[in-house]
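1. need a 3D model of the sequence below.
(one chain, ligands or ions: 2)
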Amino acid sequence: MENVSKIWLGPLPADSPYVKPFRMYYIQNGVEKNWDLLKVHDSVAIILYNSSRQKLVLVRQFRPAVYHGVITSEKGTFDSVDLQSFPPSIGVTLELCAGIVDKSKSWVEIAREEVLEECGYDVPVERIEEVMVYRSGVGSSGAKQAMYYCEVSDADKANSGGGVDDEIIEVVELSLDEAKRMLQKGAVNNSPPSCLMGLLWFFANKAPAAV
Ligand SMILES: Nc1nc(=O)c2ncn([C@@H]3O[C@H](COP(=O)(O)OP(=O)(O)O[C@H]4O[C@H](CO)[C@@H](O)[C@H](O)[C@H]4O)[C@@H](O)[C@H]3O)c2[nH]1
Ligand SMILES: [Mg+2]
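-> Numbering: from 1, shown residues only. Ligands and ions are numbered 1, 2, ... in the order given. This next block holds a predicted model:
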């Protein structure tokens with residue numbers, strides 16, 4: 001996953017299927033204003049708990065946007081970045097299983113497919129419970145994300161996961177103690193808020209009583 005050998009930036013092609021930039025104009029309190037924003041896909045994220053192993057099932061992956069964000073926070077610019085000083089590992093995240101809504105299928109069906117493709121568990125949609133729906137990137141995209149919860153067992157395991165096509169995704173099992181320590185210590189390196197919120201929701205609503 002961290003075997004990234006060269007990184008560079010270029011302008012965004014106008015036909016990107018993932019990100020479309022706009023400037024929105026509006027009049028508020030009689031004053032004309034504008035806001036620069038991005039149209040991106042809505043998405044689903046799934047809190048997965050394997051009750052056979054008593055483990056939360058998360059995914060690790062190299063995130064170009066996070067690599068870029070870490071470097072510009074630390075260095076101020078992405079110019080002349082070298083992989084020695086800034087290894088690709090600084091752009092690796094721990095996240096909930098998640099995926100973009102880019103097909104004409106129901107949201108829960110897309111969640112079902114992501115659970116199978118990324119984590120290898122084959123579950124029917126009836127076992128996937130909606131947790132909450134919220135907006136991410138409120139200053140930049142306002143995209144919708146629906147969060148789900150699904151309890152799985154070793155009997156549901158159909159493949160080793162890892163994603164489809166050229167995705168490189170590592171499935172990570174966290175014990176409940178490990179997940180709790182991560183939250184308590186704030187040692188959340190690079191996890192998005194959706195993952196942290198999903199773990200907190202799990203401890204508030206689903207974790208076995210002794211934890
Ligand atoms: N985004 C993008 N840009 C490209 O240029 C780009 N080029 C290729 N791709 C391909 O698109 C697919 C995207 O993968 P997923 O459907 O699994 O979606 P996620 O990347 O997991 O993103 C979700 O979950 C995140 C965690 O909650 C949230 O933050 C996101 O908002 C949310 O969408 C992969 O096959 C990837 O190779 C790009 N994808
Ligand atoms: Mg994904």
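2. up against ligand 1, what does the chain have?
-> Within the chain, the positions adjacent to ligand 1 are 18, 41, 43, 45, 95-96, 98-100, 165, 167, 192, 194 by CB under 6 Å from any ligand atom. The C-beta positions use only the backbone N, C-alpha and C, and glycine is treated the same way.
3. ranking by neighbours, what's the top pick from these?
-> Neighbour tally across those (other CB atoms under 10 Å): the maximum, 27 neighbours, falls on Leu96.
4. what about the strands in the chain?
-> For the chain, applying DSSP state E gives strands covering 19-28, 31-40, 43-50, 55-62, 92-95, 97-100, 129-136, 143-152, 170-175.
5. can you tell me if the last one touches ligand 2.
-> Put plainly, it is strand 170-175. No. Counting by CB under 5 Å from the ion, ligand 2 is not contacted by strand 170-175; separation bottoms out at 11.8 Å.
6. what about Cys97, how many neighbours?
-> 27.
7. ok, now which ones touch the residue with the largest distance to the centre of the chain?
-> Most distant residue from the mean C-alpha position of the chain: Gly30, 38.9 Å away (CA atoms, centre = their mean). In this structure, Gly30 makes contact with no residue, judged by CB atoms under 8 Å, 6 or more residues apart in numbering.
8. what's the distance between it and Cys119?
-> For Gly30, the distance to Cys119 equals 52 Å [CB to CB, to the nearest Å].
9. what's the answer for Ile100, then?
-> In terms of CB to CB, Ile100 sits 16 Å off from Cys119.
10. what do you get for Leu9?
-> Using CB to CB, Leu9 is found at 31 Å from Cys119.
11. which ones among the residues of the chain next to ligand 1 come in contact with ligand 2?
-> 98-99.
12. so for stretch 135-145, mean pLDDT?
-> Average pLDDT, stretch 135-145: 97.
13. wait, does it make contact with ligand 2?
-> No. Judged by CB under 5 Å from the ion, stretch 135-145 stays clear of ligand 2, getting no closer than 11.7 Å.
14. residue ranges in the protein under the pLDDT threshold?
-> The model of the chain has pLDDT under 70 over residues 210-211.
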